[in-house]
Every structure is written in structure tokens, then in C-alpha cells.
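# when you get a sec, could you give me coordinates for this:
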Amino acid sequence: MQSATISLSSPCSIPSLKPRKFGSKPRFDPIRVSSSFSASKRHDLSASSNAVSVPSLPMRSWSLSSSSPLPLRAWNSVPSDSKAGRFEVRATAVESADEGKKSSSLAKTLELGLLFGLWYLFNIYFNIYNKQVLKVFHYPVTVTVIQFAVGTVLVALMWTFNLYKRPKITGAQLAVILPLAVVHTLGNLFTNMSLGKVAVSFTHTIKAMEPFFSVVLSAMFLGELPTLWVVASLVPIVGGVGLASVTEVSFNWAGFWSAMASNLTNQSRNVLSKKVMVKKEDSMDNITLFSIITIMSLFLLAPVAIFMEGVKFTPAYLQSAGLNVKELVVRSLLAALCFHAYQQVSYMILQRVSPVTHSVGNCVKRVAVIVSSVIFFKTPVSPINSLGTGIALAGVFLYSRVKRIKPKTKAA
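Sure, this is the predicted structure:
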């Protein structure tokens, strides 16, 4: 391949290109090569002859060589720049992906924090409004029916407007869910009976014994023997509840045993869920299951309420009892809305976190409910009573932590 130099000596013509003779030590001049390449390219594109007329060029002589004192740079740096550009684009893409992951993680954390806040808030307001209603309207079965009725209306609206997918339920599935609906109904009824008899703080202190019933029922019906750590965590729970009970100002046996019965039925529901639903209803999520149970509970308890208490929630009866009808109705509806909302949010949280995290959150929720009720209702609490409540709640927290410790299996 031959190279050529450009020597413009006339304003009107370009002489023919002549080959250059290299010496014994040839030198590579990028400027000359690039210039000759450009000139030859222009020469091939413009005409087939060796001379091209350029009348507009002034008289000028180019004589550039590698020995020129000017610090000239080679013109072959474009490929390296493009590689750097590709590297920069890839690095920017990776950084953008990392920033996207961080923002997505932050959004999920904020969403989870909001759900926990709503869970606590709805639970606190439910207990306050519910206690205000039960203090003046001493019909816990009717109050429980109202709460299930409002929940049923909300579920129907949710399914009607496709806010949540409406399930297709068969008769066989309803037969499986029926025992869960029965114990769910009894658990909420016993809780309302306890709230109507004793202080909110004392009811929730007794309900801190739920882990005790969970361990006993799981061992009896599921064959799940507790570890030594789990058994040890039950000691402060039982001791703390006992200490709080003997020093409780509002203590009475009806309220105490109602709360205990609530623990038994609620934990029976959890055991039945593990024993029955895991095998037959894998496709049914917790929110759908809760919605179906709410509707079934309404139809199970409404006849019982009419039989036991009669139709008491009417304007005529409330006025004859000297109650403020509007205030009672509004607070009953607010309590029912908060009742359904906090349970719905609880299941939404359970779909996003592990059961252990949910259990710890439930323990913190109980503390928030006890403290807020004591402040709102100005419940007299002695130091010994506070100590017993604190020990029981600490035991619940310890139980939720040690429950995930698996026993070591001995190698055969």
C-alpha cells in the first residue's frame, strides 16, 4: 500500500500524487497517513483523474512530519473514546438500577410502616369505642352481631367493586371453613363479654396468655412439642398475668373467664387452620378466608342474639332506656368499622412479613392498647399491677423470639 503527501503550490491545481520513498528506518506519521487517506478518498469520490481543480484554495504549503516541534496528537483516538463511552453508559445503567432498588425498598418500608401504624390505630380506637358502647349497652351478643354485620357489608362492597378478587366457594369448602367460623365467632363474643365486665387494660393483659394456650393446643392436637426455651418463656407470661389479676381494681370472675375463653377459642382457630386448611385450601389467602368467616359468623350469631337478648338495638328501646340514640349508633358503627379494618390490615401485614415479625408487632400493639386505654379512661393502676402487666408482655415478646429456635435433631 502506498501513501502520499499533499503539497499545494498553486491556487488552481493539485499535482499528481507521487509515491514516497522510505529510508532504511521508516517512520509512521499518523498525520500524513490520515491526510493521505482523506485526500485519496476525496480523489476517488470526486473524479477518476489524478488532478482536481480547486480554484478557491489560497496558495499554501503543508509540510508536517513527526519531527515537528508541535505536540500533535494522533487522530486514531475515536475508538478508545467510544469504548469509554460504552463503559460510562453501562456504569450509569448499573447505578440507575441500584438507585431503583433502593427507592423500591424504601417505598416498601414506608408502606409496611404505614400498615403497622394503621393496625395499631384501628385497634386502639376499636377498644375505646367498643368499651364506651358496652358500658351503657349491656348486650355483648348484639354488639358482636353489629360488628359482623358491618364487616359483611364491607366485604360485599369489596367484592362488588373488584377491590379484591371474589372467590368461588364450593359446598365442600364451606364445610371445612365452618369450624373456623364457629371458634372465630366465639372468640370475638367472649372478648366483648370481657370488655363489658372489666377494664380494657385488664382484658388485654389476660389475652397476653394466648401463647400459653397456643403451646398447649398445638401439643395436644398437632403433636408439636415445645422446646425448653418456649416453655421457659411461658413462665413470665403466666406469672405476670397472675400478678396483674390479684391487684386489678376492676377484677371480676365473669370478665376474667370470658377473656380466658377468648384465648382458648382464638388459639383453637389457629390450630384448626394448621390442621385443616393447609391440606385443603392452599389457594385461599388469609384475607379471603377472613372475609368468608366474617359472613358466616354473622349468620351463625344473629339467631343466637335474637334468642338470648331479643331485638334491642332499636331507636324505641334505646330511648326508653334513656340512652342517646345518635351517639350510641355512631360509636357502634365506628367500633365495627375499626374492628373489621384492624383485622383486615393485620392479614395484609401477615402477607408481607414473617409470622415471627407479625407476632412481635402484635405484642407491641397490645402494649399500645393497654397504655392508651389507661390514659383515655383514667384507669387506676397500682405499681404492682403495672409490674405484672409488664412482666407478662415481656414474656410474650420473649416467646415470639424463641419460638423460631428449632430443636436440634440427633443424627442416627
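
# export stretch 216-230 as PDB, just CAs?
The C-alpha trace of stretch 216-230 is given here as PDB (Å, rounded to 0.1, in the frame of the first residue of the first chain):
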ATOM      1  CA  VAL A 216     -50.900 -26.500  74.900                       C
ATOM      2  CA  LEU A 217     -53.300 -26.900  72.000                       C
ATOM      3  CA  SER A 218     -50.500 -27.500  69.400                       C
ATOM      4  CA  ALA A 219     -49.100 -30.200  71.600                       C
ATOM      5  CA  MET A 220     -52.500 -31.900  72.100                       C
ATOM      6  CA  PHE A 221     -53.800 -31.800  68.600                       C
ATOM      7  CA  LEU A 222     -50.800 -31.200  66.300                       C
ATOM      8  CA  GLY A 223     -48.100 -33.200  68.200                       C
ATOM      9  CA  GLU A 224     -45.800 -30.100  68.200                       C
ATOM     10  CA  LEU A 225     -43.900 -30.400  71.400                       C
ATOM     11  CA  PRO A 226     -42.400 -27.100  72.600                       C
ATOM     12  CA  THR A 227     -38.700 -26.500  73.100                       C
ATOM     13  CA  LEU A 228     -37.300 -25.800  76.500                       C
ATOM     14  CA  TRP A 229     -36.900 -22.100  75.500                       C
ATOM     15  CA  VAL A 230     -40.600 -21.800  74.700                       C
END
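
# from here on, call the first residue 788.
Sounds good: first residue 788 from here, last item stretch 1003-1017.

# buried stuff in it?
Leu1004, Ser1005, Pro1013, Val1017 (16 or more other Cβ atoms under 10 Å). No exception for glycine: its C-beta is placed from N, CA and C like everyone else's.

# let me know whether the last one touches Val1002 as I believe.
Yep, that's Val1017 we're talking about. Yes - contact criterion Cβ atoms under 8 Å: Val1017 and Val1002 qualify, at 6.3 Å.

# can you pull the residues that touch both of those two?
Residues touching both Val1017 and Val1002 by Cβ atoms under 8 Å, 6 or more residues apart in numbering: none at all.

# for the chain, what helix or strand is lowest in average pLDDT?
helix 817-833 (a mean of 43; mean pLDDT, DSSP states H and E).

# what does the model give Pro845 for pLDDT?
Per-residue pLDDT puts Pro845 at 47.

# residues near Leu1124, how many?
19 (other Cβ atoms under 10 Å).

# and it, how far from Ala1019?
40 Å (Cβ to Cβ, to the nearest Å).

# do the same with Ala1155
Distance, Ala1155 to Ala1019, using Cβ to Cβ: 26 Å.

# same question, Tyr1186
In this view, Tyr1186 and Ala1019 are 9 Å apart by Cβ to Cβ.

# more crowded one of these two?
Just comparing Tyr1186 and Ala1019: by other Cβ under 10 Å the higher neighbour count belongs to Tyr1186, 27 against 14.

# so that one sits against Ile1024, correct?
Yes - using Cβ under 8 Å, Tyr1186 makes contact with Ile1024 at a distance of 6.8 Å.

# which neighbours do the two share?
Joint contacts of Tyr1186 and Ile1024 (Cβ under 8 Å, 6+ apart) are Pro998.

# not counting residues beside it along the chain, what's closest to Ser1133?
Trp906 (5.7 Å; Cβ to Cβ, 6 or more residues apart in numbering).

# mind pulling up the pLDDT for the one you found?
Value for Trp906, per-residue pLDDT: 95.

# show me what contacts it?
Here Trp906 is in contact with Tyr1129, Val1132, Ser1133, Ile1136, Gly1148, Lys1152 (Cβ under 8 Å, 6+ apart).

# please redo it, this time with the cut-off set to 6 Å
Counting by Cβ atoms under 6 Å, 6 or more residues apart in numbering, Trp906 touches Tyr1129, Val1132, Ser1133.

# kindly report the same for Phe1163.
Remark: with contacts taken as Cβ under 6 Å, 6+ apart, Phe1163 is in contact with Ile915.

# and it, what element?
Applying DSSP states H and E as the criterion places Phe1163 in helix 1142-1164.

# alpha carbons of that helix, in CSV - could you do that?
Provided in CSV are the C-alpha atoms of helix 1142-1164 (Å, rounded to 0.1, in the frame of the first residue of the first chain):
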residue,chain,number,x,y,z
PRO,A,1142,-45.1,-14.9,61.4
VAL,A,1143,-42.4,-14.1,64.0
THR,A,1144,-42.3,-10.4,62.9
HIS,A,1145,-46.1,-10.3,63.0
SER,A,1146,-46.1,-11.8,66.5
VAL,A,1147,-43.7,-9.2,67.7
GLY,A,1148,-45.8,-6.5,66.2
ASN,A,1149,-48.9,-7.9,67.9
CYS,A,1150,-47.1,-7.7,71.2
VAL,A,1151,-46.2,-4.1,70.7
LYS,A,1152,-49.8,-3.5,69.6
ARG,A,1153,-51.1,-4.9,72.9
VAL,A,1154,-48.8,-2.6,74.8
ALA,A,1155,-50.1,0.4,72.8
VAL,A,1156,-53.8,-0.6,73.5
ILE,A,1157,-53.2,-1.1,77.2
VAL,A,1158,-51.3,2.2,77.6
SER,A,1159,-53.8,4.2,75.5
SER,A,1160,-56.8,2.8,77.4
VAL,A,1161,-55.3,3.5,80.7
ILE,A,1162,-54.7,7.1,79.7
PHE,A,1163,-58.1,7.6,78.0
PHE,A,1164,-60.3,6.0,80.6
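
# buried stuff in that helix?
The neighbour-count check on helix 1142-1164 (16+ other Cβ under 10 Å) flags 1145-1150, 1152-1157, 1159-1161, 1164 as buried.
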